[in-house]
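Participant: Turn this into a model:
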Amino acid sequence: MAEQKIFAGPRIRRIRNAKGLTQTAMAEGLGISPSYLNLIERNQRPLTVQLILKLATVYKVDPEELQGEARGSIGGLREVFADPLLAAELPGEQELIEMAEAAPNMSAGVIKLYRAYREQASRLSDLNDLMAHEGRASAISGTRLPLDEVRDALERRPNHFAGLEGEAEAFSALLDPGEDPAGALKAWLRREHGIVVRVLPAAVMPNWRRRYDRHSQRLFISERLSPYDQLREIAIEACLLRMSVAVAAEIQGLKLSSDEARRLARFEFGRYAAHALMMPYAAFQTAAIRARYDIDVLRSRFAVSFEQAANRLTTLQRQNASGVPFFFIEIDHAGNRFRRAGAQGFPHGRFGGGCPKLPVHAAFAQPGQILVEAVEMPDGAEFLTVARTLEGPQGGFGERPRRTAILLGCDIGFRDEVVYAGALPTSPPTSGSSPGKAGPPAATPVGPACRLCERSGCLSRAEPPITRPLGLDEMVTGLSAFDYR
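Facilitator: Residues are numbered from 1 along each chain as shown. This is a model prediction of the structure:
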């Protein structure tokens, strides 16, 4: 029978030190040489089953203590070093194992400190949201990464950039794309910059959507992308070349603090410019009004995806030629936010996007279906919302597809201008209304986020509100998972 080998040098050293033994004394008790014990403690020799039995017999060491002590710590350390602030610090898993085994108490301390840090960051973020909701500005914020800085800068202002819109319209007139915008862009890139566009198989580009090779002057696009997303990637590259001055001016206006943040902003403006090029403002705004903002009609007319048309609706805020002021949010299954935009800045205080009762979360149960719902905030503000799932890049057999969901919404006062209002359920007619006349749209009560919402009896509540003390009454239990006074 083969012997089971276990490397547990740091644990043996701790046991020896706890018993006040020298290497010579412990080696004598185990019937091995001091040099061999030294190799064991440095993880250069394994513990065999015979040695484990000797440790249990001579020094009363529990064999379980030698085999599984670090497993819990390794999981906790993995969580710590997955944080964006630390993700680049470790080259591999082996260092986590070595740290957990060599210094378990220190590892436990690091895990506790990290979890306390995350809890405090979460509480500060909630407090900041609450103060903003009450109209009081606050400099309190959580982790301030370059991505957070760019998102905050873009979300604080209307999602409309007049300079990029003008450049995009001029570029579209120059291209005259007709029925083949992709062909027109490829021809322009080759004629003006000597860049050749190639669509490559997934096996050749396993990790990239788009890659530009400056040496060969070739732009590679992954075949995993849909034709709409391939067109957007080509348009991004063309816009960043053609509109470099306008993009630089918009980045300068954001007053970002780091080069990394400015690079991220450049990509976001490239994406905005690509949408403006694929769906020129005047034509898209006119079509949107005539179609009553029917996204499926718009996506067919401009040969774009559902997500691209929905995103473009949030940008229709040109002076004297504006549309309905939509806001937009995109999340994944776990509720992680990918993108948030609003024609007047996403209304954080009134509509935080974190409520589990929002239809964007229900959309994952009905992939590809459009869910229309009216929602009401605690302050009485109501919104018309449209939710739908999106499919990510095409995966191969055995790969789990990436699926996200978007929520597009506007103030309920614009419902007569939007085609989706016809799908809203209505309240029963009131006693004073005309016979047979339906009442206003029935709205689902939602909140900004569980920690900021004081709705009582909410079956979807995930956390108690930070604004109210918990109600610990042994005689009464509420419907919510958290009772409060």
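
Participant: any idea where the strands of this protein begin and end?
Facilitator: Counting by DSSP state E, residue ranges of the strands within the chain are 196-200, 210-213, 218-222, 317-318, 321-322, 327-332, 337-342, 371-376, 382-391, 403-411, 443-445.

Participant: want to throw the ones you listed into a markdown table with mean pLDDT, mean neighbour count and distance to P425?
Facilitator: Placement of C-beta: from N, CA and C, glycine included. Below are the strands of the chain laid out as a markdown table (pLDDT from 0 to 100; neighbours: other Cβ atoms under 10 Å; distance: least, Cβ to Cβ, whole Å):
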| stretch | mean pLDDT | mean neighbour count | distance to P425 |
| --- | --- | --- | --- |
| strand 196-200 | 94 | 16 | 45 |
| strand 210-213 | 91 | 14 | 43 |
| strand 218-222 | 94 | 20 | 42 |
| strand 317-318 | 92 | 18 | 30 |
| strand 321-322 | 90 | 12 | 29 |
| strand 327-332 | 90 | 21 | 22 |
| strand 337-342 | 83 | 18 | 26 |
| strand 371-376 | 93 | 21 | 8 |
| strand 382-391 | 94 | 22 | 12 |
| strand 403-411 | 93 | 23 | 17 |
| strand 443-445 | 89 | 16 | 10 |
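
Participant: Among the ones you listed, which comes closest to E149?
Facilitator: Set against E149 and scored by Cβ to Cβ, the strands of the chain come closest in strand 337-342, at 14.3 Å.

Participant: Which elements pack onto that closest one?
Facilitator: helix 146-155, strand 327-332 (3 or more Cβ pairs under 8 Å, 6 or more residues apart in numbering; DSSP states H and E).

Participant: Pull the contacting residues for the residue nearest to E417 when sequence neighbours are not counted.
Facilitator: Once flanking residues are discounted, E417 sits nearest to V324: 5.7 Å by Cβ to Cβ, 6 or more residues apart in numbering. Going by Cβ atoms under 8 Å, 6 or more residues apart in numbering, V324 touches 293, 313, 316, 343, 410, 414, 417-418.

Participant: Which residue is the nearest non-sequential neighbour of G163?
Facilitator: Per Cβ to Cβ, 6+ apart, closest to G163 is A246, 4.8 Å.

Participant: do you know how far I466 is from A449?
Facilitator: For I466, the distance to A449 equals 10 Å [Cβ to Cβ, to the nearest Å].

Participant: Between those two, which has more neighbouring residues?
Facilitator: Neighbours per residue (other Cβ atoms under 10 Å) separate I466 from A449, with A449 holding more: 19 against 15.

Participant: so what's the backbone phi/psi at the more buried one?
Facilitator: Main-chain dihedrals, A449, degrees, to the nearest 10: phi -170, psi 150.

Participant: Could you number the chain from 31 rather than 1 from now on?
Facilitator: Done: numbering now begins at 31, and the last item shifts to A479.

Participant: is it true that it touches K387?
Facilitator: No: A479 lies out of contact with K387 (Cβ atoms under 8 Å); the separation is 11.3 Å.

Participant: Could you dump the contacts of V354 into a markdown table with distance to S202 added?
Facilitator: Formatted as a markdown table, the contacts of V354 follow (distance: Cβ to Cβ, whole Å):
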| residue | distance to S202 |
| --- | --- |
| Y323 | 22 |
| L343 | 18 |
| L346 | 16 |
| A373 | 22 |
| C440 | 27 |
| F444 | 28 |
| E447 | 26 |
| V448 | 27 |
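
Participant: Type out the ChimeraX command that picks the buried ones from those.
Facilitator: ChimeraX command restricting the contacts of V354 to the buried ones, with burial defined by 16 or more other Cβ atoms under 10 Å:
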select :323,343,346,373,440,444,448
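
Participant: of the contacts of V354, closest to L489?
Facilitator: Out of these, the member with the shortest distance to L489 (by Cβ to Cβ) is C440, at 27.3 Å.

Participant: Now for the closest one: which residues touch it?
Facilitator: Contact analysis of C440 by Cβ under 8 Å, 6+ apart lists 354-357, 413-414, 448.

Participant: and the end-to-end length of stretch 112-125?
Facilitator: 14 Å (Cα to Cα, to the nearest Å).

Participant: I should have written stretch 354-370 there, sorry.
Facilitator: Stretch 354-370: ends 17 Å apart by Cα to Cα.

Participant: what about it, distance to the chain center?
Facilitator: 9 Å (Cα atoms, centre = their mean, to the nearest Å).

Participant: same question, stretch 182-201
Facilitator: Centroid separation for stretch 182-201 versus its chain: 23 Å, with Cα atoms, centre = their mean.

Participant: CA atoms only for it - export them in PDB, please.
Facilitator: The C-alpha trace of stretch 182-201 is given here as PDB (Å, rounded to 0.1, in the frame of the first residue of the first chain):
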ATOM      1  CA  ASP A 182     -18.900  58.700 -11.000                       C
ATOM      2  CA  ALA A 183     -17.800  61.500 -13.400                       C
ATOM      3  CA  LEU A 184     -20.000  60.200 -16.200                       C
ATOM      4  CA  GLU A 185     -23.000  59.500 -14.100                       C
ATOM      5  CA  ARG A 186     -23.100  62.900 -12.500                       C
ATOM      6  CA  ARG A 187     -23.800  64.600 -15.800                       C
ATOM      7  CA  PRO A 188     -26.300  64.100 -18.600                       C
ATOM      8  CA  ASN A 189     -25.400  61.300 -21.000                       C
ATOM      9  CA  HIS A 190     -25.000  63.700 -24.000                       C
ATOM     10  CA  PHE A 191     -21.800  65.000 -25.500                       C
ATOM     11  CA  ALA A 192     -22.600  67.600 -28.100                       C
ATOM     12  CA  GLY A 193     -19.000  67.800 -29.500                       C
ATOM     13  CA  LEU A 194     -18.900  64.000 -30.200                       C
ATOM     14  CA  GLU A 195     -22.400  64.100 -31.700                       C
ATOM     15  CA  GLY A 196     -21.400  66.800 -34.200                       C
ATOM     16  CA  GLU A 197     -18.200  65.000 -35.100                       C
ATOM     17  CA  ALA A 198     -20.100  61.700 -35.600                       C
ATOM     18  CA  GLU A 199     -22.700  63.300 -37.900                       C
ATOM     19  CA  ALA A 200     -19.900  64.800 -40.000                       C
ATOM     20  CA  PHE A 201     -18.100  61.500 -40.100                       C
END
